[in-house]
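Novice: 3D model of this:
(chains A and B)
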Amino acid sequence: MTDGYSEKVMEHFANPRNVGEIKDADGIGKVGNPVCGDLMWIYIKVKDNKLEDVKFKTFGCGAAIATSSMITELAKGKTLEEALKITRGDVAEALDGLPPIKMHCSNLAADGLHAAIKDYLEKTGKKMELPKIETEDEHSEHGLSE
Amino acid sequence: MTRQVYMDHSATTPVDSLVVEAMLPYFSENFGNPSSLYTIGRQARRAIEESRQKVADLIGAKKEEIIFTGSGTESDNLAIKGIAYRNRKKGDHIITSSIEHHAVLHTCKYLETQGFKVTYLPVDKEGLVNPKDVEKAITPQTILITIMHANNELGTVQPIEEIGKIAKEKNIPLHTDAVQTAGKIPVNVDTLGVSLLSISAHKIYGPKGVGALYLRKGTFVEPQLHGGGHERNLRSSTENVPGIVGFGKACELAKGRLPDEERLAGLRDRLIKGILEIKDSYLNGHPVKRLPNNVNVRFSFIEGESMILNLDMKGVAASTGSACSSTSLEPSHVLMAIGLKPEEAHGSLRLTLGRGNTQEDVDYVVSVLPEIVNKLRMISPLAR
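Specialist: Numbers count the residues shown, from 1 in each chain, chains lettered A, B, ... in the order given. Now for the predicted structure:
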């Protein structure tokens, strides 16, 4: 349902930040599932353990696009450790909240960012403790309880 | 100011000013209870009976065959549960389609929990039920066939007349949900061959909160509301007099304005043509057997709710069958039933025209849509 979107959600939806791909990305995180109506790809560029650039491409509803836009703003300039600590809750809070039904299915941006960092770590052979990430395969369960 | 274009008339319509005018005296002036014996009670009773005649006239029925209800949903419930419970000893099987409105579909699902058996017929890729499938599904236990007249999402108009002939031959009552067709295309209960038919006021420029069930003479249903015995004991509740008066007026106006609906078909075709100029866009539903006011299209690589929100920013009110725009998370059961992939169903857009729409409205939508689609495709990882 579209009612209950905060002004901030609508603002990010109308003017999403950092849209696009990074051609020589250091890590790419792909989360969501088109079957559910949400698919999110997060691209990161890493320099000196910091997220120098973050971009996204998203297929999905207003909440999916707004959370994608917000995560790029939250993550840019952060160290990898700091970025891994960003939660779904942080993203929703930064957008002044999301309608309950959107919390599970569309609020994937934090997972997308973490998946991109994981991809970077795997490519570079570095090790770091990762939070649980819902990948495309796992994102099949429709929960409303969150 | 942004141009405001309302193109969601299958969701609801504005109440016609003549309908409001007709209703107004029945709030505070002629407020009597139609069951009361004194003058203002009798006036209210007369107003209801006059409305009943007007509703009957719209669908070619007799006045005594109209039962006023609180909504199209209630009419569907009364028809389906009413027939099912009334005929429990005769049989336990109901035939319906997989693209019915939830008012029918969820009522059938409920009846399954009560021991009834339901066949949900498939539809083809344009949303049509095959009458042969109806015939094949009939068993000696079949007590009801319920197939909608036109689908609310796709606008596909079903071959009810053909199904009506089959039902008559087998002596099984046929119900149709005509909420989307009454007032838009000719609806006649005898031509259709139906025993029960549901309609709603707010889809035809009448007020919300009032509907009607046509019940053919000789067809009997078990009431779902028990009480003071209103509406021939079939729907107890003090009558919604202003609502019923408004419904009557709306039916009278709809009957007179049926030719105007053909104007909408012209606008519809212009809208479809304009939209399909956009790359990777497709028409959902039947190209010809379609409501004169319905446009349903889909765009590859993008999601419906995002489209609706962007259209809203441009002043256009429309709807989508994408999961993300509803309380459920599944894409529309109708779009899935016509064989679309979930990601295709998510990219659907429904625009439904009405009396207030002009060619300028159509051209405005056609002019703003490409930009919206492009913007969302720029963001989408699926667009290559």
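Novice: Tell me which residues touch residue B:350, please.
Specialist: Residues in contact with residue B:350 (CB atoms under 8 Å, 6 or more residues apart in numbering or on different chains) are B:8, B:10, B:153, B:294-296, B:318-321. C-beta here means a position set from N, CA and C on the backbone, and glycine is covered the same way.
Novice: what about 6 Å?
Specialist: Counting by CB atoms under 6 Å, 6 or more residues apart in numbering or on different chains, residue B:350 touches B:296, B:319.
Novice: For the helix or strand hosting it, output the C-alpha coordinates as PDB.
Specialist: Element membership for residue B:350, per DSSP states H and E: strand B:348-352. Written as PDB, here are the backbone C-alpha positions of strand B:348-352 (Å, rounded to 0.1, in the frame of the first residue of the first chain):
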ATOM      1  CA  SER B 348       1.100  -3.800 -15.300                       C
ATOM      2  CA  LEU B 349      -0.800  -0.600 -15.400                       C
ATOM      3  CA  ARG B 350      -4.600  -0.200 -15.500                       C
ATOM      4  CA  LEU B 351      -6.300   3.000 -16.700                       C
ATOM      5  CA  THR B 352     -10.100   3.100 -16.700                       C
END
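Novice: Quick check: residue B:69 touching residue B:75?
Specialist: Yes. If you go by CB atoms under 6 Å, residue B:69 and residue B:75 touch, sitting 4.8 Å apart.
Novice: Which positions in the longest helix along chain A come out as buried?
Specialist: For chain A, the helix with the greatest residue count under DSSP state H is helix A:109-124. Across helix A:109-124, burial judged by 16 or more other CB atoms under 10 Å in any protein chain shown covers A:109-121.
Novice: Counting by contacts, list what that helix packs against.
Specialist: Contacts defined by 3 or more CB pairs under 6 Å, 6 or more residues apart in numbering or on different chains; DSSP states H and E place helix A:109-124 against strand A:27-33, strand A:38-47, helix A:62-75, helix A:88-94.
Novice: and the ones you listed, which is most packed in?
Specialist: helix A:62-75 (a mean of 27; mean count of other CB atoms under 10 Å in any protein chain shown).
Novice: tell me the angle it makes with strand A:27-33.
Specialist: 160 degrees (axes from the mean of the first three to the mean of the last three CA atoms, to 10 degrees).
Novice: And chain B, is helix A:62-75 touching that?
Specialist: Yes. If you take CB under 6 Å from any CB of the partner chain as the test, helix A:62-75 does meet chain B, through residue A:62.
Novice: buried set for the helix or strand following that helix?
Specialist: As assigned by DSSP H and E, the chain's next helix or strand after helix A:62-75 is helix A:80-84. Neighbour counts over helix A:80-84 (16+ other CB under 10 Å) mark A:80, A:83-84 as buried.
Novice: Please identify which of these is nearest to residue B:28.
Specialist: Nearest to residue B:28 among the buried residues of helix A:80-84, counting by CB to CB, is residue A:83 at 64.1 Å.
Novice: per-domain residue ranges of chain B.
Specialist: Domain assignment for chain B, taken from automatic domain parsing, gives B:5-12+B:258-379, B:17-253.
Novice: Can you add distance to residue A:93 and mean pLDDT and give the ones you listed back as a markdown table?
Specialist: Formatted as a markdown table, the domains of chain B follow (distance: least, CB to CB, whole Å; pLDDT from 0 to 100):
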| stretch | distance to residue A:93 | mean pLDDT |
| --- | --- | --- |
| domain B:5-12+B:258-379 | 21 | 93 |
| domain B:17-253 | 35 | 98 |
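Novice: Okay, buried residues for stretch B:246-261 please.
Specialist: By 16+ other CB under 10 Å, the buried positions in stretch B:246-261 come out as B:246-255, B:261.
Novice: again, but for stretch B:149-163
Specialist: Applying a neighbour-count criterion of 16+ other CB under 10 Å, one finds B:149-158, B:160, B:162-163 buried in stretch B:149-163.
Novice: Can you give me the first-to-last residue distance of it?
Specialist: Its start and end residues considered, stretch B:149-163 measures 11 Å (CA to CA, to the nearest Å).
Novice: Tell me who's in contact with residue 70.
Specialist: This is for chain A. A:12, A:91, A:94-95.
Novice: The chain in question should be chain B.
Specialist: Shown in contact with residue B:70 (CB under 6 Å, 6+ apart): residue B:209.
Novice: can you pull the pLDDT of residue A:130?
Specialist: In this prediction, residue A:130 carries a pLDDT score of 83.
Novice: That one: helix or strand, and which one exactly?
Specialist: Applying DSSP H and E, one finds residue A:130 in no helix or strand.
Novice: which residues touch stretch B:176-186?
Specialist: Here stretch B:176-186 makes contact (CB under 6 Å, 6+ apart) with B:72, B:76, B:101, B:104, B:148-150, B:152, B:160, B:187, B:194, B:197-200, B:203-204, B:254, B:261, B:291.
Novice: Show me what counts as buried in it.
Specialist: B:176-185.
Novice: In strands, which of the residues you listed fall?
Specialist: B:176-177 (DSSP state E).
Novice: Any chance of the backbone angles for the residue lying closest to residue B:313 once chain neighbours are set aside?
Specialist: Spatially, and ignoring its direct neighbours in sequence, residue B:313 is nearest to residue A:14 (6.5 Å; CB to CB, 6 or more residues apart in numbering or on different chains). As for residue A:14, its main-chain torsions (degrees, to the nearest 10) stand at phi -70, psi -40.
Novice: What is the neighbour count of residue A:14?
Specialist: Neighbours of residue A:14 under the rule other CB atoms under 10 Å in any protein chain shown: 15.
Novice: for stretch B:159-175, which positions count as buried?
Specialist: B:160, B:162-164, B:166-167, B:172-175.
Novice: What about the residues you listed, which are in helices?
Specialist: Mapping those onto helices (DSSP H) picks out B:160, B:162-164, B:166-167.
Novice: closest to residue B:374 among the buried residues of stretch B:159-175?
Specialist: residue B:160 (40.8 Å).
Novice: which residues does the closest one contact?
Specialist: With CB under 6 Å, 6+ apart, residue B:160 has these contacts: B:149, B:176, B:192.
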